[in-house]
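J.: Need coordinates for the following:
(one chain, ligands or ions: 1)
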Amino acid sequence: MRVLVTGDWHLGAVTWRRKPQDRTPEIQACLEEILDYLREEPVDLIAVTGDLTHYWVPLEGEKQHWLMDYLYKLSDFAPVIGVLGNHDWKGLVSFDKFARIKNVFIVDKLEQLNLDVGGEKVCITALPYFDARKIITPTDTNTREVMNDAVQSVLDEISPRNCSGDSTYRFLLTHGVVEGMSYSKFGTNEVPIPRVLLSQFDFTFLGHIHDAKLITDNHTQKILGCYPGGVAKLDFGEESSQQGFYIVDFSGQGTKTYFHPFISQKKLKQVTVIGSPSPKVVSDLTTFQGYVKVTLQEGDLVAVQRLYELPSVVSVELESVTADDTENSRVKFSSMEEAYGQYLEKQELKSELRDKLLEKFSSYLQKAREDDTL
Ligand SMILES: [Mn+2]
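T.: Numbers count the residues shown, from 1 in each chain. Got it, this is the predicted structure:
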């Protein structure tokens, strides 16, 4: 029994607001590497660990078509089982009832699937992402105790005990954090899955953490599960993390895992520039095949603009206050208007224009403050 594990595709992701980059072609190129692998090497099952899409809305027509087509291509090689992650468009599940005929399963609520895979019975407990707030009913008082009870009732359901007795393998497939991992990015309503729960299964296929890793039992060092880590590096926090797919092989003695990093993935790089970039830096940033974040020290907005014009630069942060600056050199503002006013003072503008800009800024700010939909 060999299982291919992939997840956190985030199809449709457009990253960096100031200079938006549609990451879909890069993600698709990486996912094609999985098909290349499958054409050469047999697997018995494909586990998709959630966050197939990036936004909570349907993908644009062509991309949606690509996704469905891709899932079917995978299923030509082995049954495909996916759970929804926190990013997924919930409507993806409407595809499920058509897809099951072709051995593509998309699970949106806790479900146990018993499949016959190459003559062996495989029991898969599929748990999509769950948020503690969403499992208590609105009439419940939201106390810690009520919350804990609700969480426990879900955790109690996650067990291989209901798998048919003749199952050769009992797997857990889920999207979430494992106990002992902190992933502050997603807040505190996440329910960590206890390691003791993982140890009841033969293996757990995990999604949500964008860094490939194996989860081991703290005492026995047995491998309990794996995170394949996603596909594309979506922000600079992921610069040194790893993304790829895992092959988990149960056929020999003990479980063996093999990690395959994506080679079509674009690299991220962070550089610091002081004043204005030297010709060498400009040339490096022009030829770099990936995405660059620049921290600019002692620069101005013109320098920021010039940096954005370089092909690889997607984010520029102006660092005007360095750590060793004295208290006196730090500019302080009592309001946003005052800050903008001080900025305008430094520009070579006619005073009427300056006043008009300041007036406009104030009215926008006022509008933003009144907008309680934010
Ligand atoms: Mn994700």
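J.: ok, the residue lying closest to V117 once chain neighbours are set aside to the ion distance?
T.: Spatial nearest neighbour of V117, excluding adjacent residues (CB to CB, 6 or more residues apart in numbering): D44 at 5.0 Å. Quick note: C-beta positions are derived from backbone N, CA and C, even for glycine. Separation of D44 from the ion (CB to the ion, to the nearest Å): 25 Å.
J.: got it, and L365?
T.: Taking CB to the ion, one finds L365 at 34 Å from the ion.
J.: and the residue nearest to V117, what does it touch?
T.: Contacts for D44 (CB atoms under 8 Å, 6 or more residues apart in numbering) come out as M1, R2, V3, A78, V117, G118, E120.
J.: Throw the residues you listed into TSV and include neighbour count and secondary structure, thanks.
T.: Converted to TSV, the contacts of D44 look like this (neighbours: other CB atoms under 10 Å; DSSP: H, G, I helix; E, B strand; the rest coil):
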residue	neighbour count	secondary structure
M1	19	coil
R2	17	strand
V3	27	strand
A78	20	coil
V117	18	strand
G118	13	coil
E120	14	strand
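J.: Can you tell me which of these is nearest F201?
T.: Using CB to CB, V3 comes nearest to F201 of the contacts of D44, at 12.4 Å.
J.: That closest one contacts L45, correct?
T.: Yes: the pair V3 and L45 passes the contact test of CB atoms under 8 Å, sitting 4.6 Å apart.
J.: Now do I124 against H210, distance only.
T.: Distance from I124 to H210, counting by CB to CB, to the nearest Å: 23 Å.
J.: Neighbour count for those two, which is higher?
T.: I124 (28 against 25; other CB atoms under 10 Å).
J.: my guess is that one meets T174, correct?
T.: No: between I124 and T174 there is no contact under CB under 8 Å: 10.4 Å.
J.: Report all helices and strands that the lowest-mean-pLDDT helix or strand in the chain contacts.
T.: For the chain, counting by mean pLDDT, DSSP states H and E, helix 336-346 ranks last in confidence among helices and strands (a mean of 78). On a contact count with 3 or more CB pairs under 8 Å, 6 or more residues apart in numbering; DSSP states H and E, helix 336-346 meets helix 351-370.
J.: between the helix it packs on and helix 336-346, how many degrees?
T.: 160 degrees (axes from the mean of the first three to the mean of the last three CA atoms, to 10 degrees).
J.: Show me which positions of helix 351-370 end up buried.
T.: Of all the residues in helix 351-370, those buried under the rule 16 or more other CB atoms under 10 Å are L357, L358, F361.
J.: want to throw the residues you listed into a markdown table with distance to V273 and pLDDT?
T.: Below are these laid out as a markdown table (distance: CB to CB, whole Å; pLDDT from 0 to 100):
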| residue | distance to V273 | pLDDT |
| --- | --- | --- |
| L357 | 28 | 89 |
| L358 | 30 | 86 |
| F361 | 28 | 86 |
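J.: isn't G85 right next to G7, touching?
T.: Yes: judged on CB under 8 Å, G85 makes contact with G7 at a distance of 7.4 Å.
J.: of those two, who's got more company?
T.: Here G85 and G7 are set side by side on neighbour count (other CB under 10 Å), and the busier one is G7, at 29 against 23.
J.: so how far is P311 from the more buried one?
T.: As defined by CB to CB, G7 lies at a distance of 30 Å from P311.
J.: re the thing from before, can you list the buried residues in the least confident helix or strand of the chain?
T.: For helix 336-346, by 16+ other CB under 10 Å, it's Y340, G341, L344.
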